[in-house]
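>>> Following is a predicted model, sequence given first.
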Amino acid sequence: MDRHILFVLLLAVFFLFTLVLFTAMGEGRLDVYMAVFTIEYLVLVEVLRPRRKFMKALGLDPVALGLVIIFGLIVTRKVVEILVS
Amino acid sequence: MLYEFIVSGIIEGNLFSEEPKCKGLGMNRLTGAGVGLVGFGAVLAPFSYFVLVSVPLTTLGLAFAILGLVMLILPEYLVPHEVVRGMISGSVANIEAVLEEFGATRKAIYLPPREGKVYAYIPLSGNPSYPEFSEIVNAPKRIISNVDGHPGLFIYPPGSDVAALSGVTGEENREEGMREIEAEVENSISYCIVDFAELASKVRINIEENKIFLAMKNVKIEVEAPRFTRVLGSVPVSLAACVVAKASRMSVRIVVESQEGKWLRAVLEVGGEDG
């Protein structure tokens, strides 16, 4: 199977698995889901290395960049919450 | 659209085919499915968050949107590796035949690009010295050329177009030495070999003065062409030489090349105004 198809399929399976598992566990925080999605995406990209359209200046693809920014915001918010409390 | 995508794209294996295009939109199947998923996710996520107040459904919408975006950033046309390998083998076999015919044995010099193309000058045996570099650059680019009394071949290596297609650029009238452009050359080689051409899984580069020490892990293409390898280097190293010539706008010569386990190692010499 072409690794690009494999990448899309595995990503869908991982997302679905995460969603079902976390919902069954009663997880209600959106940031937890997003953090796990980000990690899954980056791990799959690193393992399968699909060819993607890059943002040359940053050396990242736009989806990875968006997810990393969201992940960064989540972590920053958590750190601020801990420091404030 | 989703049903069509699943049945025709995944089950029948037409996901990356160019045809059929989405009627009226001028998109291929992958782009169409991507747009569909992004649109669905973009509606589902805010509706679930603000109206239904359901985090799992919101997450489901976001997952759809991410998957759709992933499909949009994948390349539209994917040529199977076997086809690429076959075309490279054919190209190499042609050059091998020309080199055999002329009895070329000496190392080629990869020249800075002219009109976007990197040429390699191969001196023919008979004259032990290389001609002046400026003479080689300005010589007419015919297959057989006489450069200042030195007969030689001008070959258009298979990696020349790949380097051009990958978007590697070198600034005109560059005045810096290798030290100033180390990072650019490193990034260009790594991007071109690993991400663009996918000829190796990893590339390590070490630059010392005018020498580039190159190591490539798990090279995915092997072409049986001893004369080509001896003169122009193996296919991935030849591509690396083209990239360096294009990025640095200097001449490049492959000094030595060897296979050590999973690693293919080569030393490239950059510059050399005297050819």
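Yes, it's here.
>>> what helix or strand does the residue lying closest to residue B:263 once chain neighbours are set aside sit in?
Nearest residue to residue B:263 in three dimensions, chain neighbours excluded: residue B:215, at 5.1 Å (CB to CB, 6 or more residues apart in numbering or on different chains). Placement of C-beta: from N, CA and C, glycine included. Residue B:215 belongs to strand B:211-217 when assigned by DSSP states H and E.
>>> From chain A, how far off is the residue nearest to residue B:263?
Distance, residue B:215 to chain A, by CB to the nearest CB, to the nearest Å: 18 Å.
>>> In contact with that residue, which residues are there?
Shown in contact with residue B:215 (CB atoms under 8 Å, 6 or more residues apart in numbering or on different chains): B:203-205, B:263-266.
>>> likewise residue A:64?
By CB under 8 Å, 6+ apart, residue A:64 lies in contact with A:41-42, A:45.
>>> Residue B:208 now?
Contacts of residue B:208 (CB under 8 Å, 6+ apart): none.
>>> And residue B:242, by the same measure?
Contacts of residue B:242 (CB under 8 Å, 6+ apart): B:110, B:118, B:157, B:159-160, B:162-163.
>>> Going by neighbour count, list what's buried in the strand holding residue B:215.
B:212, B:214-216 (16 or more other CB atoms under 10 Å in any protein chain shown).
>>> Let's have those residues in CSV, adding distance to residue B:96 and pLDDT.
Output for the buried residues of strand B:211-217, formatted as CSV (distance: CB to CB, whole Å; pLDDT from 0 to 100):
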residue, distance to residue B:96, pLDDT
B:212, 25, 89
B:214, 23, 90
B:215, 25, 91
B:216, 21, 90
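>>> Measure how far stretch B:250-261 is from the centre of its chain, please.
Averaging C-alpha positions (CA atoms, centre = their mean, to the nearest Å) puts stretch B:250-261 17 Å from its chain's average.
>>> avg pLDDT for it?
The pLDDT scores in stretch B:250-261 average 89.
>>> Buried residues of it, list them for me.
Buried residues in stretch B:250-261, counting neighbours by 16+ other CB under 10 Å, are found at B:250-254, B:257.
>>> Helices along the stretch 51-200 of chain B, start to end?
With DSSP state H, counting those that start in this stretch as the definition, the stretch 51-200 of chain B shows helices at residue ranges B:55-73, B:81-102, B:133-138, B:159-165, B:182-190.
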